[in-house]
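# predicted model, plus sequence, below.
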Amino acid sequence: MRYKLLVTDLDGTLLNRKGEVSPRNLEAIRRLQDSGVEVIPATGRSLRECDHILDHINHEGHAITAGGSLVHDARDGSVVIRRTLAPEVVAEIAGILANHGHLAHLLQDHTTAEIDYVMVGDQPFDPATKWWFDHLPVQYRRIASIAPGNAQVHTVRVGTIALGYVLGPVAAAIDRALGELVSVQHWSALTAEQAIGSETHLLETFGRSVNKWTAIEALCAQYGIDPAETAAVGDGLNDFEMIREAGLGIAMENADPRVAAVAKGRGGHHDRDGFADAAELLLRLNR
């Protein structure tokens, strides 16, 4: 089996703890491309939140963003795949988050909404969110609640963030109310050291079939590539489906144990050029 496409996560995979692409990882991308392997980033970030990374690696192809809910042409930022949440679902999730005392982070398709986030609720920003909005070129609008007639039609993800592992009951409440319509994940993640350098707890809700792997499948159909000819490398729960379903799923050394359990290969630690190790594994298998 020759792998024609490698899809890579960014945070915790291609990026080190400083949020940077190391020289060795950058060279690994070049080697993959020189060998004929297409490299596509797949991230939970929006395009505006990762534009500077794509520029650094000179990426000019497709980019899977917002956990698979959007696919962009990185050359001009245009959207080629868009999977939004129904406005009534957005409102119900925001209400559940409010009932548990959390801000709702409504990630928007900025190409249609012209902003990146609608923040629903009166609570103050947590330190990680404040740092994120202060240091990345994103725009947000705050509203106290979603009023009737104010449908949020551009929302691709509803989430929240908290310090400490406290969002399990919130995720369970969303799943009970909307489990047939949405998928909800929550996990702990270490923020970049230049942010607050602490463990934060993330919760993300998408349409039921929205994830990085289903976005990859859609691109494979466009490219005429058998999904079995794809490789994927990642570390977090939002990488789970693509690691499990790709022809070659590679989990980073720092991967969530649930992700590592479904992987066919292992890379190194993201802070020690682990992506380059994963790339070398693929290149060996392609010989």
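It's in. Computed from a predicted structure; not experimentally measured. Numbering: from 1, shown residues only.

# how about the helices in the protein?
Taking DSSP state H as the criterion, the chain contains helices spanning 23-34, 47-56, 87-99, 110-113, 127-135, 168-178, 212-223, 240-245, 257-260, 274-285.

# which among these is found nearest to A231?
Evaluated with C-beta to C-beta, those place helix 274-285 nearest to A231, the distance being 5.2 Å. Where C-beta positions appear, they are placed from N, C-alpha and C, glycine not excepted.

# what is that closest one packed up against?
strand 5-8, helix 23-34, strand 230-234, strand 248-251 (3 or more C-beta pairs under 8 Å, 6 or more residues apart in numbering; DSSP states H and E).

# single out the most deeply packed of those.
The highest mean neighbour count among the helices and strands packed on helix 274-285, using mean count of other C-beta atoms under 10 Å, belongs to strand 230-234: a mean of 31.

# next, the angle helix 212-223 makes with it.
Calculated by axes from the mean of the first three to the mean of the last three C-alpha atoms, to 10 degrees, strand 230-234 forms an angle of 150 degrees with helix 212-223.

# and strand 230-234 with helix 23-34, angle?
Going by the same axes, to 10 degrees, strand 230-234 makes 170 degrees with helix 23-34.

# could the C-alpha coordinates of strand 230-234 be exported in CSV?
C-alpha atoms of strand 230-234 as CSV (Å, rounded to 0.1, in the frame of the first residue of the first chain):
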residue,chain,number,x,y,z
THR,A,230,-4.6,8.0,3.5
ALA,A,231,-2.5,8.5,6.6
ALA,A,232,-3.3,10.6,9.6
VAL,A,233,-1.3,11.8,12.6
GLY,A,234,-2.7,13.4,15.8
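
# how far out from the middle of the chain is that strand?
14 Å (C-alpha atoms, centre = their mean, to the nearest Å).

# and the helices of the chain, which one averages the lowest pLDDT?
The stretch with the lowest mean pLDDT among these is helix 127-135, at a mean of 89.

# now the helices and strands packed on helix 274-285 as CSV including distance to F240?
Below are the helices and strands packed on helix 274-285 laid out as CSV (distance: least, C-beta to C-beta, whole Å):
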stretch, distance to F240
strand 5-8, 13
helix 23-34, 22
strand 230-234, 8
strand 248-251, 9
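
# still on that earlier bit, adding distance to G12, write the helices of the chain out as TSV.
Below are the helices of the chain laid out as TSV (distance: least, C-beta to C-beta, whole Å):
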stretch	distance to G12
helix 23-34	13
helix 47-56	13
helix 87-99	25
helix 110-113	24
helix 127-135	15
helix 168-178	20
helix 212-223	14
helix 240-245	13
helix 257-260	10
helix 274-285	9
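
# please name whichever of the ones you listed is nearest to G121.
helix 87-99 (5.6 Å).

# what packs against the closest one?
strand 104-108, strand 117-120, strand 155-163, helix 168-178.

# circling back: nearest to H62, out of the helices and strands packed on helix 274-285?
Here strand 5-8 is closest among the helices and strands packed on helix 274-285 (C-beta to C-beta), at 9.9 Å.

# nice, that's everything, thank you.
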